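Novice: with the input below, show me the fold.
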Amino acid sequence: MPQPKTTLQALLFDVDGTLADTERDGHRPAFNQAFADAGLDWHWDAALYGKLLAVTGGKERIKYYIDRFRPDYRKPSNFDELVAGLHQAKTRHYSTLAAKGGIPMRPGVRRLLAAARAAGLRLAIATTTTPENVTVLLEHSLGPGTQSWFEVIAAGDIVPAKKPAPDIYHYALEKMGLQAAECLAFEDSENGLRASLGAGLKTLVTVNDYTQGHDFTGAAVVLSDLGDPDAPNRLLAGPDFGQPFVDVAYLRTLHAN
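Specialist: Residues are numbered from 1 along each chain as shown. Next up is the predicted model:
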């Protein structure tokens, strides 16, 4: 006999590029400030940073930059410690910027999160960025107390393998006691989509300037953003439900589709 359809229970969100344009407006300038503070001649412009985003994780991104783009740089014996220190400094600069409210949420994010909570959907975060970065973004860009909206914040090095590995999603699902079939994931990049699909999650993708050329094969739908009633989004791939913004009814239809 056919199995009954699973109802939607929870929404799992990536952070960087999904909830806010943190890569362009937060992490990149914070990295550059950390490099300048350390007296390094490294500078990541927008185009270069787009290439570096092929690698997830800040420390990993710095190492990739040196290996791929700075063959002239001679690594000191304490290179790993240097990278760790630069990443810590970057996190401090990012926190300062976010605390000033300098990283706005993407279109429709606040509206959808509030509506999902009101509808009884559970919320979680699954990201490669550090827990500190998540906290400061939520508190200062989404609003005071909004960290408590998410029952699980799976972030940073809490799992050894970062996206595109599915580990962070497996961790979040385990903590919530849910099956992948009961959830929807929200991502913005190819690496993020590979991670969510690897965990068996149906995934809604909202692209940004850095990821619009990525391969989103397997996504349930690809949109320009979540949209708002007075600011429609664009459907880039997937089913057209005739609604130019994402709300809870849209998500239930997508989940059941």
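Novice: all strands of this protein, in order?
Specialist: Remark: strands of the chain, listed N- to C-terminal, are 10-13, 122-126, 152-154, 183-187, 202-206, 221-223, 235-237; assignment by DSSP state E.
Novice: check which helices and strands the fifth one sits against.
Specialist: Okay, so that is strand 202-206. Here strand 202-206 touches strand 183-187, helix 190-198, strand 221-223, helix 248-256, going by 3 or more Cβ pairs under 8 Å, 6 or more residues apart in numbering; DSSP states H and E. Quick note: C-beta positions are derived from backbone N, CA and C, even for glycine.
Novice: gap between the two ends of stretch 171-180?
Specialist: End-to-end span of stretch 171-180 (Cα to Cα, to the nearest Å): 11 Å.
Novice: and for stretch 10-25?
Specialist: End-to-end for stretch 10-25, by Cα to Cα: 28 Å.
Novice: and stretch 180-198, how far out from the chain middle?
Specialist: The chain centre lies 10 Å from the centre of stretch 180-198; the measure is Cα atoms, centre = their mean, to the nearest Å.
Novice: in that stretch, what counts as buried?
Specialist: Using 16 or more other Cβ atoms under 10 Å as the test for burial, stretch 180-198 gives 180, 182-198.
Novice: now swap in stretch 162-182 and tell me
Specialist: 162-173, 176, 178, 180, 182.
Novice: returning to what we had before: so which of the helices and strands packed on strand 202-206 is nearest residue 50?
Specialist: Comparing these against residue 50 with Cβ to Cβ, the closest turns out to be helix 190-198 (12.5 Å).
Novice: helices or strands next to the closest one in the packing?
Specialist: Here helix 190-198 touches helix 167-176, strand 183-187, strand 202-206, going by 3+ Cβ pairs under 8 Å, 6+ apart.
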